[in-house]
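Asks: Here you go, sequence then predicted model.
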Amino acid sequence: MLFASHMTCSSFYRPLFRSGIDLNVDKKFKNLSIFTTPATMIKQNKRRLVSSPMAAAAPVKTGGCSPLKYYQEVLSAARANFTQEITFQCKDKDISLAKALLHISTEYEAFIAINREMDANSFQNECEGSEVSSEGLDLSQTESTILAGKNIEDWLLELDVIAKEVEVDLISRDIGCHLIEVLEAVNSVLFESMGFKRSTVVDSSCSYLHSVLSSKCGSAILLSIIYIEVCRRLNLTIVGSCVGEDFLIWPQTETPEELFKVNSGHSLFGIVNGRCVDNPKSKASDLNSNSLMGLDIATNRDIIGIYLANLIRLHWKRASRMTRGLMLTSPLRPVHDDKTDGSSIPLLRPQDLRLAIMASEKLLILQPHNWALRRDHGMMLYFMREYGEAVQELSICMAFAPEEEAEILEPFVEKLHLLRIESSWEALGHKGHLKVT
């Protein structure tokens, strides 16, 4: 079975959810060390993230705490471990794509568990005479079961097992280790023996690495990452790049013309990337050895960023499902015609909106100077009615944004200031209504 790797990856390089690709958004800041903005410091304090590598890698303490407190600790530790894995103090080649994505999975599962515990506690509190209880949860076992019954090392072992299966396949067929034979064996094991396939409907179950390794059904970007990780364990380096709406991968080679030579009806490039290479509507069909050399090779951090951008898109779409046509930037354009007060904010699904914000926070660690990403992050906070943090993020965005974009943001940020004052007024118990004009 050929590997189809079509996906939406242009959102990583451009302002999210808008047309047009800007490949130079983050170019001038590419080599700068990561920095912590005042807004991200606030977020870190809220989550009690640990910045030191030793502390970030420390195991979560489970003794004597409630399930809710435990999951909150897991969530904080997962974010810290993700930050440690992708920190700019590490060489890009030393970053493990699988480990970084499993930290993202852990944070996701901890967040879902927190919401589940809060719902259960609320239900128990509503029952007359009942008390909140932690019975039925063995805290000593939770760390190893939060990711579908396995810990991160177990899931990394799953990738090792796939690579071993490829080696067994090569030995059983008594063939050499020529590049085309290795890639054919990887395809045979992944997509025939083990049954990995691309999901026709993108949802949470096919968008987190541990779920895909379990169900064998995933999004295109995750199948590409699994392919890269398996080949890495076979000492075969796979590189990739965004081409239009596709993220294409191929084996690293000094003779790219070899990738396009047709053997048994398929080229090496076609074996790895599948049907999109033959699709005339795809830009991948126009590639040759010369144009391939002109592509920007995605770093490990870039690939993680592409994955996170797709995750933001997924959860935003789910959050705004009941409000057709709503874009993150929708409130910005009619700012002079719309009253832009709290009552005008459409109702969104809070859990998915929060998951989109969490993915955006992690992407901002990778791209702190991406003004469009920071604008979109600020707008999600606005939709979450977190006006104070929205003002901070959008104010930082204005410092990086082009002048025309800053002019659009300025009146909106001023109104957010008033919304923040009004919500503070109401929180203090004052009666009456401060009109936002």
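Replies: Done, it's in. Residues are numbered from 1 along each chain as shown.

Asks: Helix, strand or coil: sort out the nearest residue to residue 234 once chain neighbours are set aside for me.
Replies: Residue nearest to residue 234 in three dimensions, not counting chain neighbours: residue 163, with 5.5 Å by C-beta to C-beta, 6 or more residues apart in numbering. C-beta coordinates here come from the backbone N, C-alpha and C atoms, glycine included. With DSSP: H, G, I helix; E, B strand; the rest coil as the basis, residue 163 sits in helix.

Asks: State the distance from residue 163 to residue 323.
Replies: As for residue 163, its distance to residue 323 is 45 Å (criterion: C-beta to C-beta, to the nearest Å).

Asks: which of the two has more neighbours?
Replies: Comparing residue 163 with residue 323 by neighbour count (other C-beta atoms under 10 Å), the higher total belongs to residue 163, at 19 against 14.

Asks: what residues are up against that one?
Replies: 230, 233, 234 (C-beta atoms under 8 Å, 6 or more residues apart in numbering).

Asks: go on, residue 379?
Replies: For residue 379, the contact set (C-beta under 8 Å, 6+ apart) comprises 328, 329, 331, 332, 390, 394.

Asks: Select, from those residues, the two members most distant in space.
Replies: 329 and 390 (13.3 Å; C-beta to C-beta).

Asks: Show me which of the two is the more surrounded one.
Replies: Shown here are residue 329 and residue 390; by other C-beta under 10 Å, residue 390 has more neighbours (24 against 19).

Asks: Next, find the distance separating the more buried one from residue 413.
Replies: In terms of C-beta to C-beta, residue 390 sits 8 Å off from residue 413.

Asks: and stretch 345-363, which residues are buried?
Replies: 348-349, 352-363 (16 or more other C-beta atoms under 10 Å).

Asks: And for stretch 410-426?
Replies: Buried-residue list, stretch 410-426, by 16+ other C-beta under 10 Å: 412, 413, 415, 416, 418, 419, 420, 422, 423.

Asks: go on, stretch 155-171?
Replies: Within stretch 155-171, the residues scored as buried using 16+ other C-beta under 10 Å are 155, 156, 159, 162, 163, 165, 166, 169, 170.

Asks: Redo the residues you listed as CSV? Include distance to residue 306.
Replies: Shown next, in CSV, are these (distance: C-beta to C-beta, whole Å):
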residue, distance to residue 306
155, 21
156, 21
159, 19
162, 22
163, 23
165, 27
166, 25
169, 29
170, 30
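
Asks: Quick check, central residue of the chain?
Replies: Centroid check for the chain by C-alpha atoms, centre = their mean gives residue 308 as the closest residue, at 2.1 Å.

Asks: Please name the nearest non-neighbouring residue to that residue.
Replies: Excluding the flanking residues, the one nearest residue 308 by C-beta to C-beta, 6+ apart is residue 363, at 4.3 Å.

Asks: For my notes, confirm that neighbour occurs in a strand.
Replies: No - secondary structure of residue 363 (three-state DSSP): helix, not part of a strand.

Asks: For the residue nearest to residue 234, give its distance to residue 184.
Replies: Going from residue 163 to residue 184 by C-beta to C-beta gives 15 Å.

Asks: how close does residue 193 sit to residue 316?
Replies: In terms of C-beta to C-beta, residue 193 sits 36 Å off from residue 316.

Asks: Could you give the average pLDDT over stretch 116-125?
Replies: Stretch 116-125 comes out with an average pLDDT of 77.

Asks: Isn't residue 232 up against residue 249?
Replies: No - when contacts are counted by C-beta atoms under 8 Å, residue 232 is not listed as touching residue 249 (11.8 Å).

Asks: Look up phi and psi at residue 78.
Replies: Dihedral angles of residue 78 (phi, psi; degrees, to the nearest 10) stand at phi -60, psi -40.

Asks: Neighbours of it, how many?
Replies: Applying other C-beta under 10 Å, we find 26 residues neighbouring residue 78.

Asks: which residues touch it?
Replies: Applying C-beta under 8 Å, 6+ apart, the residues near residue 78 are 103, 104, 106, 107, 110.

Asks: Show the low-confidence segments of the stretch 1-150 of the chain, by residue range.
Replies: Applying pLDDT under 70 to the stretch 1-150 of the chain flags the ranges 1-65, 123, 126, 128-145.

Asks: One more: the stretch 301-437 of the chain?
Replies: 334-344, 424-437.

Asks: hmm, try it at 80
Replies: Along the stretch 301-437 of the chain, segments meeting pLDDT under 80 span 324-325, 333-346, 422-437.

Asks: can you give me the helices in the stretch 101-250 of the chain?
Replies: 139-145, 152-172, 179-187, 209-215, 220-233 (DSSP state H, counting those that start in this stretch).

Asks: which residues sit against the third one?
Replies: Put plainly, it is helix 179-187. 1-3, 166, 169-170, 173, 175, 227, 230-231, 234, 236, 251, 253, 258, 263, 268, 271-272.

Asks: Just the CA coordinates for that helix, please, in CSV.
Replies: These are the backbone C-alpha positions of helix 179-187, laid out as CSV (Å, rounded to 0.1, in the frame of the first residue of the first chain):
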residue,chain,number,x,y,z
LEU,A,179,17.3,2.0,-0.2
ILE,A,180,14.3,1.0,-2.3
GLU,A,181,14.0,-2.4,-0.7
VAL,A,182,14.1,-0.9,2.8
LEU,A,183,11.4,1.7,2.0
GLU,A,184,9.2,-1.1,0.4
ALA,A,185,9.6,-3.1,3.6
VAL,A,186,8.6,-0.1,5.7
ASN,A,187,5.5,0.4,3.6
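
Asks: So what angle separates the directions of it and helix 152-172?
Replies: With axes from the mean of the first three to the mean of the last three C-alpha atoms, to 10 degrees as the basis, helix 179-187 and helix 152-172 are set at 130 degrees to each other.

Asks: what's the offset of helix 179-187 from the middle of its chain?
Replies: In terms of C-alpha atoms, centre = their mean, to the nearest Å, the centre of helix 179-187 is found 29 Å from the chain centre.

Asks: Equivalent analysis for the last one, please.
Replies: In this view, helix 220-233 has its centroid 16 Å away from the chain centroid, taken as C-alpha atoms, centre = their mean.

Asks: how long is stretch 90-104 end to end?
Replies: Taking C-alpha to C-alpha, to the nearest Å, stretch 90-104 runs 18 Å from one end to the other.
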